[in-house]
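Trainee: fold the following.
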Amino acid sequence: MTPKTNPTATQRLFDAATSSLDSLLPPGWSLKVVDRSITGGVIQLSTSDGLTGKLAVLVRDRLAPRETTVLPVPEEPTIVAASWLSPRTRELLVETGYGYIDQTGNARVTVSRPGLAVYSDGARRDPSPKPVPEPNIRGPRAWALLRTLAEVLPPYGVGELAKAIDADPGYVSRLLEAISDELLITRKPRRPVERVEWQPILHQMATSYSLLRSNETSNWVASAGSDQFLKDLASSGTRGWAVTGSFGAATLVSVAAPEIAVVYADDPELIANLTKLHPVRTGGNVVTARPYDQIVFRRTWNRDDITYASPAQIAVDCLTGPGRMPAEGNALLEWMDARAPSWQGASLHQVAEVP
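Mentor: Next comes the predicted model:
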C-alpha cells in the first residue's frame with residue numbers, strides 16, 4: 001500500500017514514535033509502516049516465526065486530560081503518540097482503551113496478536129512546557145488545596161475551600177478551573193465541587209512536590225534509635241509536630257520495618273534539644289522538616305500518644321521520598337483505597353477517624 005501524504009509535523013511525530021517503539025521490541029521482532037494518514041498511520045508488527053499484527057497510531061502534538069474525553073473508543077489496537085503525555089493523560093488513555101508512546105520514554109503498548117506488552121517510564125514533567133496562564137497547580141497553596149480535596153468528601157464551594165486553606169477566593173476559583181481541566185474533579189461552572197478523584201490528585205501532587213526538596217529538612221542522629229526518639233518526642237509535652245514518611249505508613253500498613261523517622265516541626269531545633277538529637281550533614285536516623293505549608297498539621301491523628309500527619313500527606317511524602325519509601329506510599333494508597341471513605345472527612349470542618 002502506498003503511504004498517503006500527511007502534514008510534516010504529524011509525519012515527524014509518527015516516524016519518531018515508530019522508531020522509539022522499534023527500539024523497545026523484543027529480539028527477533030520487526031516493525032514496518034503500512035499506512036499513513038493526516039492523523040497518524042498504521043504499523044505492522046512481525047515476530048521471528050512469522051506472526052503478524054497491526055497497530056494503529058494516532059498522533060497528537062499535545063494532549064491535555066480533558067481532550068481525551070473526545071477521543072473515540074478504539075475498535076482495534078491503537079496507541080496515541082505525542083511529544084510528551086502527562087501522567088493524568090496517560091491514565092485516562094488507558095481507561096479509554098488506548099496505549100501510548102511519547103518522546104521522553106513513556107510507553108504502554110499491548111497487542112493480543114501477536115502477543116506483545118511493552119511498558120516504559122519516561123518524564124513525569126513536560127521537558128519543554130509551553131507558557132500557560134497562571135495559576136498552575138504547583139506550589140504550597142495549590143498543594144494545600146489538592147490535599148484538602150483528596151481528604152474531604154464533597155460537595156463544597158469556592159468560598160468554603162478558600163476559608164479552609166486561608167486563600168483568596170478568586171485564586172481558589174482559578175485553581176479549581178485548572179484542576180477541573182485535568183479531570184481531577186467534577187464541577188459545573190460557578191457551582192460547588194461535586195466529585196473528587198482523590199487518588200489521581202495525590203499522584204498529581206507527587207509530580208511537582210517532593211518530601212525532601214519542598215520542605216526545609218535537617219538530618220539528625222538519635223543515639224537510642226528512631227523508635228525511642230518518637231517515644232521521647234511523644235512524652236516531651238511539646239506541640240507543633242507530626243510524624244510522616246515510613247513510620248507513618250507503617251502504623252497503617254506493614255511493608256518493612258521503618259528505620260528513619262521523618263517529623264514535620266515548626267521548631268526543629270527545639271525538638272532536637274528536647275530529644276537530644278545530634279546534627280549530621282547526611283544520613284542519620286531522624287529527619288526534621290519545616291513544612292511547606294501549615295496544611296501538614298491539619299487532620300492529624302494520634303496513636304500511642306504519637307501525632308501523625310494525615311494519611312494523604314503521608315502517602316504523598318512516601319511517594320516522593322528516597323529509598324523504599326515510594327513502595328511504602330503505593331502500599332498505603334492500596335490501604336486507603338480499600339478503606340475509603342473512612343479516612344476522609346465528611347466536611348471541611350470534620351476530622352475523620354483513621355481506622
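
Trainee: all strands for the stretch 201-350 of the chain, in order.
Mentor: Listed in chain order, the strands of the stretch 201-350 of the chain (DSSP state E, counting those that start in this stretch) span 216-221, 241-244, 261-265, 278-280, 286-290, 301-303, 306-308.

Trainee: need these in CSV (columns: mean neighbour count, distance to Arg62 and mean pLDDT).
Mentor: All C-beta atoms are positioned from the backbone trio N, CA, C, and that covers glycine. Listed next are the strands of the stretch 201-350 of the chain as CSV, based on neighbours: other CB atoms under 10 Å; distance: least, CB to CB, whole Å; pLDDT from 0 to 100:
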stretch, mean neighbour count, distance to Arg62, mean pLDDT
strand 216-221, 17, 35, 96
strand 241-244, 26, 35, 98
strand 261-265, 26, 37, 98
strand 278-280, 13, 45, 96
strand 286-290, 22, 35, 97
strand 301-303, 14, 41, 95
strand 306-308, 20, 40, 97
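
Trainee: setting the sequence-adjacent residues aside, check what's closest to the residue nearest the centre of the chain.
Mentor: Centroid-nearest residue in the chain, with CA atoms, centre = their mean: His203, separated by 1.6 Å. In space, and not counting its chain neighbours, His203 is closest to Pro87: 6.0 Å by CB to CB, 6 or more residues apart in numbering.

Trainee: can you list the domains in this structure?
Mentor: 8-120, 140-208, 211-339 (automatic domain parsing).

Trainee: could the ones you listed go into TSV alongside distance to Ser128?
Mentor: Output for the domains of the chain, formatted as TSV (distance: least, CB to CB, whole Å):
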stretch	distance to Ser128
domain 8-120	7
domain 140-208	16
domain 211-339	22
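
Trainee: output the below-cut-off pLDDT ranges for this structure.
Mentor: Counting by pLDDT under 70, the ranges of the chain that qualify are 1-6, 131-135.

Trainee: all helices of it, in order?
Mentor: 8-24, 87-96, 140-151, 158-165, 169-181, 198-208, 211-214, 226-234, 245-252, 268-275, 311-319, 325-339 (DSSP state H).

Trainee: near the closest residue in space to Trp29 that isn't next to it in sequence, how many other residues are there?
Mentor: Closest residue in space to Trp29, ignoring its immediate chain neighbours: Thr47 at 5.7 Å, by CB to CB, 6+ apart. Thr47 has 16 neighbouring residues, counting by other CB atoms under 10 Å.

Trainee: for Thr47, phi and psi?
Mentor: phi -100, psi 170 (degrees, to the nearest 10).

Trainee: any idea how far it lies from Val111?
Mentor: 11 Å (CB to CB, to the nearest Å).

Trainee: surely Ala265 meets Trp241?
Mentor: Yes. Ala265 lies in contact with Trp241 (CB atoms under 8 Å); the separation is 4.5 Å.

Trainee: separation between Asp227 and Arg190?
Mentor: From Asp227 to Arg190 the distance is 51 Å (CB to CB).

Trainee: looking at those two, which is more packed in?
Mentor: Asp227 (15 against 8).

Trainee: for the more buried one, which residues are in contact?
Mentor: Ala261 (CB atoms under 8 Å, 6 or more residues apart in numbering).

Trainee: mind running it again at 7 Å?
Mentor: Taking CB atoms under 7 Å, 6 or more residues apart in numbering, we find Asp227 in contact with no residue.

Trainee: roughly how far does it sit from Val243?
Mentor: From Asp227 over to Val243 (counting by CB to CB), the distance is 12 Å.

Trainee: ok, Tyr308 next?
Mentor: Taken as CB to CB, the span from Tyr308 to Val243 is 5 Å.
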